[in-house]
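Q: Okay, here's the prediction I keep looking at, along with the sequence it came from:
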Amino acid sequence: MSKTDTDFNIEDLLRDIQKPGRYTGGEYNSVKKDPAGVDVKVALVFPDVYEVGMSYIGQKILYFLINSRSDCLAERVFTPWIDLEQKLRFKDIPLFSLENRLPLYQFDLIGFSLLYELNYTNVLTVLDLGRIPFLSAEREDRHPIIIGGGPAAFNPEPIAEIFDLFLIGDGEEAIFEILDNYIQLKKKSAKKDEILKRLSRIKGIYVPSLYDTYQPSDS
């Protein structure tokens, strides 16, 4: 039987790592579902270390709402500290979620909470460790759809080429509409472009690839 990306011993991986509890999951009120029993898998990524991300209420709200549905799964991902990052690269193990330790690239949707611009470099770290191309134009239909939301998403243009879409506003007001449309299209084996066009009709959704950028004149 060939080795897969999920065939690793978490205890061996976390040996000699600072604060290994950051990566073990299993906290009170965490939710662990069978990935094979849902229609859509969502990774909720906070591009900073566990201690910072777990203080953010927005992620907790989305985590609760998505997991309240029987057809959906939401799992948490945080940027690893440099010691685990180096170990993941050395052992060729992709960044994984806390609940089921799923590799990031196996999710359908990946939602980044963007609270401040200094997180942008961590977004790249997470995508790189998760084996997902940086640019939206380089990602294929097999790749997850990358969503940006949060306060820093109100000015999306500096990172518009990285994200497939942005949710401008409160995620809890649009998340079910996003999930319903995605599930419907996924069952029809829709391509990425078709999915993005459909999602762009949702209030608050901005899909950069559907617009031409321009530089205002200095007149």
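A: That came in fine, so what should we check first?
Q: Grab the nearest non-local neighbour of Phe96.
A: Pro103 (5.6 Å; C-beta to C-beta, 6 or more residues apart in numbering). The C-beta positions use only the backbone N, C-alpha and C, and glycine is treated the same way.
Q: Could I get the pLDDT score of that neighbour?
A: Listed pLDDT for Pro103 reads 97.
Q: List phi and psi for it.
A: Torsion angles at Pro103 (phi, psi; degrees, to the nearest 10) stand at phi -60, psi 140.
Q: Pull the contacting residues for Glu172.
A: Counting by C-beta atoms under 8 Å, 6 or more residues apart in numbering, Glu172 touches Ile61, Leu62, Leu65.
Q: Type out the ChimeraX command that picks the buried ones from those.
A: To isolate the buried members of the contacts of Glu172 in ChimeraX, using 16 or more other C-beta atoms under 10 Å:
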select :62,65
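Q: Next step: the contacts of Glu172 restricted to helices.
A: Ile61, Leu62, Leu65 (DSSP state H).
Q: Can you tell me the element Ile17 falls in?
A: For Ile17, there is no enclosing helix or strand under DSSP states H and E.
Q: Could you verify my assumption that the residue nearest to Phe96 touches Pro144?
A: No - between Pro103 and Pro144 there is no contact under C-beta atoms under 8 Å: 10.5 Å.
Q: So between the two, which is more surrounded?
A: Pro144 (22 against 19; other C-beta atoms under 10 Å).
Q: Run through who's touching the longest helix seen in the chain.
A: Counting residues, the longest helix found in the chain (DSSP H) is helix 175-187. Helix 175-187 is contacted from outside by 39-40, 42, 62, 65-66, 69, 71-72, 108-109, 145, 147, 167, 194-195, 198-199, 202, 205, using C-beta under 8 Å, 6+ apart.
Q: Could you do stretch 195-207 as well?
A: With C-beta under 8 Å, 6+ apart as the test, stretch 195-207 has contacts from 145, 156, 164-169, 173-174, 177-178, 181-182, 185-186, 190, 209-210.
Q: Can you tell me which of the residues you listed are classed as buried?
A: Burial by neighbour count, 16+ other C-beta under 10 Å: within these this picks out 145, 156, 164-168, 174, 178, 181-182, 185, 190, 209.
Q: want to throw those residues into CSV with pLDDT and distance to Leu118?
A: Shown next, in CSV, are the buried ones among the contacts of stretch 195-207 (pLDDT from 0 to 100; distance: C-beta to C-beta, whole Å):
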residue, pLDDT, distance to Leu118
Ile145, 98, 25
Pro156, 93, 16
Asp164, 97, 22
Leu165, 97, 22
Phe166, 97, 18
Leu167, 95, 21
Ile168, 93, 20
Ala174, 93, 26
Ile178, 96, 27
Asn181, 97, 32
Tyr182, 97, 30
Leu185, 96, 35
Ala190, 95, 36
Ser209, 94, 26
